[in-house]
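In: With the input below, show me the fold.
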Amino acid sequence: MLERLQRLLGLQTIPGVFFTSAAIASLFVILAIPFDQAVADSFGVLTGWVARNLGWFYIVSVSALLVFLLGLAVSRYGVIRLGGDDSRPDYSNLTWFTMLFAAGIGTILMFWGVAEPISHFANPPFEGVSAGSKRAAGDAMTLALYHFGLHTWTIFAMPGLAIGYFAYRHNLPMRISSLFYPILGKRVYGPLGWAVDVIAVLGTLFGVATSLGLGTLQLNSGLSYLFGVPSTGWVQVVLIAVIASIAAMSVALGLDKGVRHLSQINIFLALLLILFVLIVGPTVFMAEGMVQAAGDYFDNLPWLSFWTQTFTESGWQRQWTLFYWAWTISWAPYVGIFIARISRGRTIREFVISVLFAPTAFTLVWFGVFGLSAIHVEINGQVALAEQVQQDPSVAIFAFLEAFPLANVASLLSIIIIVIFFTTSSDSASLVIDMLTRRDDQPSLVRQRIFWAAAQGVIAATLLLAGGLDALQNVITSLGLPFCLLLIFMAVSLFRAVRADYRGYSVNELVQGRAFPEVKATAVPKKENQDVS
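Out: Reported below is the predicted structural model:
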C-alpha cells in the first residue's frame, strides 16, 4: 500500500521510513494545534518523570561515551582508517576544521553565548556560592564550557565516526540503521532498520525545530529591541515562515549552490562579530579569562561529568544539562552524517581527537569573548544584563551589545547571522533527512527536501504556540531518550566491528555467516587459524 502511495505521489523513498516519519510528525501537529495546552502539559509531565528517574542516565551515558571515544582513539584500533588502508583525507586539515566549526555549534552559541554565563553568574547552581561573586563568575564559565565542549562533541562524534567507518570502510549505506549491521545483520534492511531510521528522522526533525524555535525567539527579541516589532506568537509564526521559505529555496539549490555558500558567508560574519567584540571589549580581561577558564574546565571536568545534583531538589539540571544533552542527541544523526561526509580517509585517532578538541577550542574562544565580556559588563554596571536575561534569555545578545559603540550596527549584524545560521541548519537537516528516507540508488527529489524543510517550520511554530521556550525544552528532553539508547548500541556495534577489522575479519564474518555479499571489507586479509573472541 505504501509503495502504491509512493508511486501515486511520484516520490523516491523507502516507504516504511518516509511515510512513518511523516505520519508521526503530522499527527503531533494535528493534535498539538487544537489541544496545545494539553500537549504542553503532557510533555511537561513526561519531562518531569524523565528528569526525576532517568536524568542520571543521560549524564552517565554521555560521559561514558566520551571515555569510550578517547579510549578508542589511543588504543591499537586508532590506526584504522575511514576507508581503505591506503585512503587519504579528501580535505586539508584547515578546510576540514573550518567545516567542523560550521557543523553544529553556530545556532546554539548565538543564543546561549551571552545568556548562559550570565544566567549562572546571577543564579549559581552550587550551594554556598553567592550570586555575582568571583566564584560565581568562574563557575559560570566552567558550566558553559561543560555544556558546549567535549560532551556536546562526543554526542556528534559518536554517530559521525560510526557512519564514516561503516560507509567508507565497508560500503554500507550512509544511514543510521547501517551502524547496527554487526548486531542486526541483514535485518537492517527491514522493519528493524526502518525503525532505527525513523527515530533518527524524528530526532532530527524535532531537534532542528527546537533550534528554529529558539532562533525565532531570539530574532523576534532583536527586531523588537531595534525596531519595536511586538514579541507575539503571530510575529514568531511569520518569522518561522520566512526562515523556512529561505531554507526551502536553499535546499532546492542543493548542497553546493545553496548550503555551502550560505555557510561560508555566515562563518565570515560570525568571525567579524567576534573580532568586533574582542577589539571594543575588555581585551586583556578576555585573554586572561580564557586561559583561566580553560584550566578551570579541565580541572573540574572529571567530577562535573558525573555530577547528578543528588543532594539538592532544584530543577537546575533539568533546565540546563538534561535539556542540552537531549537537544544535542536529537541533532546527532544530522551532524553525524555531515561530519562523516567530510571525513573520508581520516584515521579513527585523528577523527576523534580533532572532532572533540578543535570545536571545543573554538567554543572556548566564543565564550571567552561573549561570556566573559558579558560578565565584565554586568560587574561594572554598564547594562542591567542579568535582570534582562532572567526575564527573557533571547534578548541577551542584544542587551549585551548595548554596552559597546555601534550597538545598532552590531545588533543588526547579529540578526543577519541568526537568520543565516538557522537557515543553513534547516536546509542541511532537510538534505540529511531526505538521505535517511531514501535508498542510495534513488535520486534526491527537490519536492521531498522542501517537504522536510516545511515540516521543521510547522513543528517549530506548533511548539512555540504550545508554550514557547518551556515547550521546546520539554519536548526535546523527552524525545531525546530513544536516540540516547541508540548511541549506546552504536558504540557496542562499532567496537565489535573495529575489533574484528583489526584482526582481519570482514563484517559478514562478524555476523556469523549471515549473508552480506555486497559488502567487502578493506582491512588486511584474515590470518589463517586466527580466532575472534
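
In: Chain neighbours aside, what residue packs nearest to W56?
Out: Among residues not flanking W56 along the chain, T308 sits closest, at 4.9 Å (Cβ to Cβ, 6 or more residues apart in numbering). Any C-beta I mention is one placed from the backbone N, CA and C, and that applies to glycine too.

In: Stretch 453-470: which residues count as buried?
Out: Using 16 or more other Cβ atoms under 10 Å as the test for burial, stretch 453-470 gives 453-469.

In: What mean pLDDT does that stretch get?
Out: The average pLDDT for stretch 453-470 rounds to 80.

In: swap in stretch 190-210?
Out: 88.

In: now that stretch, how far from the centre of its chain.
Out: Counting by Cα atoms, centre = their mean, to the nearest Å, stretch 190-210 is centred 14 Å from the centre of its parent chain.

In: Stretch 418-426 now?
Out: How far stretch 418-426 lies from its chain's middle: 13 Å, per Cα atoms, centre = their mean.

In: now the helices for the stretch 351-500 of the chain?
Out: 385-391, 396-401, 407-436, 446-465, 468-502 (DSSP state H, counting those that start in this stretch).

In: Which stretch among those helices approaches I353 most closely?
Out: Counting by Cβ to Cβ, I353 lies closest to helix 468-502 out of these; the figure is 16.1 Å.

In: now for the closest one, which elements pack on it?
Out: Helix 468-502 sits against helix 36-74, helix 150-170, helix 181-184, helix 191-227, helix 323-341, helix 446-465, helix 507-510, with contacts defined as 3 or more Cβ pairs under 8 Å, 6 or more residues apart in numbering; DSSP states H and E.

In: Which positions in that helix come out as buried?
Out: 468-469, 471-484, 486-487, 490-491, 493-501.

In: Count the residues that sit near L5.
Out: Counted with other Cβ atoms under 10 Å, residues neighbouring L5 total 12.

In: average pLDDT across the helix or strand that contains I30?
Out: Take DSSP states H and E as the rule and I30 turns out to sit in helix 15-32. Helix 15-32 comes out with an average pLDDT of 91.

In: Make residue 1 into 30 and carry on from there
Out: In the new count, where the first residue is 30, that last one comes out as helix 44-61.

In: quick one on the thing from earlier: now tabulate the helices and strands packed on helix 497-531 in TSV and tack on distance to S50.
Out: Shown next, in TSV, are these (distance: least, Cβ to Cβ, whole Å):
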stretch	distance to S50
helix 65-103	19
helix 179-199	17
helix 210-213	19
helix 220-256	4
helix 352-370	12
helix 475-494	9
helix 536-539	27
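
In: hang on, the earlier thing: unless I misread the structure, the residue nearest to W85 falls within a helix.
Out: No - under the criterion used here (DSSP: H, G, I helix; E, B strand; the rest coil), T337 is coil, not part of a helix.

In: What distance do you get for it to Y218?
Out: Distance, T337 to Y218, using Cβ to Cβ, to the nearest Å: 39 Å.

In: Please apply the same query to P434.
Out: From P434 to Y218 the distance is 60 Å (Cβ to Cβ).

In: do the same with A102
Out: 31 Å.

In: same deal with V394?
Out: Taken as Cβ to Cβ, the span from V394 to Y218 is 44 Å.

In: In terms of neighbours, single out the busier of the two.
Out: Y218 (16 against 13).

In: Which residues are in contact with that one?
Out: The neighbours of Y218, taking Cβ atoms under 8 Å, 6 or more residues apart in numbering as the test, are S206.

In: Point out where the chain drops to low pLDDT.
Out: Along the chain, segments meeting pLDDT under 70 span 127-128, 130-136, 280, 282-292, 496-498, 500-501, 537-562.

In: So S250 sits against Q417, correct?
Out: No - the criterion here is Cβ atoms under 8 Å, and S250 misses it with Q417 at 9.8 Å.

In: Overlap of the contact sets of the two?
Out: Here S250 and Q417 have V424 as joint contacts, going by Cβ under 8 Å, 6+ apart.

In: So which of the helices of the stretch 380-529 of the chain is nearest L37?
Out: Going by Cβ to Cβ, the one of the helices of the stretch 380-529 of the chain nearest L37 is helix 475-494, 13.7 Å.
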